[in-house]
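J.: kindly return the folded structure for what I paste below:
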Amino acid sequence: MKNILQIHSSLGSEAGESTKLAGLYVRGLLAAHPRAELVVRDLARDVVPHLDAERFGAFLTPADQRNARQNEIVRYSDGLIEELKRADVIVLGVPMYNFSVPSQLKAWFDHVARAGVTFRYTPSGAVGLLTGKKAIVIATRGGHYAAMGSDHQTPYLRQFLGFLGITDVQFVYAEGLAISEASKTDALAAAQNAILARTAQEKIAA
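T.: All right, here's what the predicted structure looks like:
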């Protein structure tokens, strides 16, 4: 039985193309694993506060020295981390904004990456603590980047998730969505077909 965490990071929320494609993937997973638990976190509707000095200070303060406000901040972060810890599969819908990930997704990253909780430092480098999970990234872009040497999202997402211990990371791309209606239609159809093929394999393996 799988626990699925679906992250919407599109400003368009459920109307975003990345969200719709991620939803198609999740429906396929649920068909293969009907007893799976699904948690959906929409970062456009349920906005995660961006990291600031107050929040960062709360994370660094020992538990027995935190004031009431710091405890509130850490409890919120702990809730996001608990969702992530419980998930076997994380499905992230990630549009490209100005060559990078949406700032609301970066805010979520900043709350779930906590030393001693989701990773730890060692003399030989950081070690991720969230092992044994799988991440699926549904990446949508207005132009073409993956084959042109200007895709900064993929290595960043792979590195960040690996930093937490999530090294099984797969990508599905829908590019060229802003070039023309024909380009958009073709890209979305190709992404949908790739998703259906992957979830069909998931059902066979279940």
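
J.: and G116, how far from A178?
T.: Applying CB to CB, to the nearest Å, the value for G116 to A178 is 42 Å. Just so you know, the C-beta spots here come from the backbone N, C-alpha and C atoms, and that holds for glycine as well.

J.: what does Y97 give?
T.: From Y97 to A178 the distance is 12 Å (CB to CB).

J.: contact partners for S77?
T.: 55, 59, 111-112, 114 (CB atoms under 8 Å, 6 or more residues apart in numbering).

J.: circling back to that earlier point, tell me which of Y97 and A178 has more neighbours.
T.: Neighbour count, other CB atoms under 10 Å: between Y97 and A178, Y97 has more, with 17 against 11.

J.: tell me the secondary structure at Q170.
T.: strand (DSSP: H, G, I helix; E, B strand; the rest coil).

J.: hang on, it packs against V137?
T.: Yes. Taking CB atoms under 8 Å as the definition, Q170 is a contact partner of V137 at 7.1 Å.

J.: neighbour count for the two, which is higher?
T.: V137 (23 against 10).

J.: doesn't the more buried one lie inside a strand?
T.: Yes. Secondary structure of V137 (three-state DSSP): part of a strand.

J.: how about low-confidence regions in the chain?
T.: Low-confidence segments of the chain (pLDDT under 70): 1, 205-206.

J.: let's see it at 80
T.: Counting by pLDDT under 80, the chain contains low-confidence ranges at 1, 147, 203-206.

J.: max-length helix in it?
T.: helix 181-205 (DSSP state H).

J.: list the beta-bridge partners for the nearest residue to R86 once chain neighbours are set aside.
T.: In this structure, R86 finds its nearest non-sequential neighbour in N3, 5.2 Å apart by CB to CB, 6 or more residues apart in numbering. Beta bridges link N3 to E37, judged by DSSP bridges.

J.: would you confirm that N3 contacts K85?
T.: No. Using CB under 8 Å as the test, N3 is too far from K85 to be in contact (9.6 Å).

J.: hmm, S183 is touching G176, no?
T.: Yes. S183 is within contact range of G176, at 4.2 Å (criterion: CB under 8 Å).

J.: okay then, goodbye and thanks.
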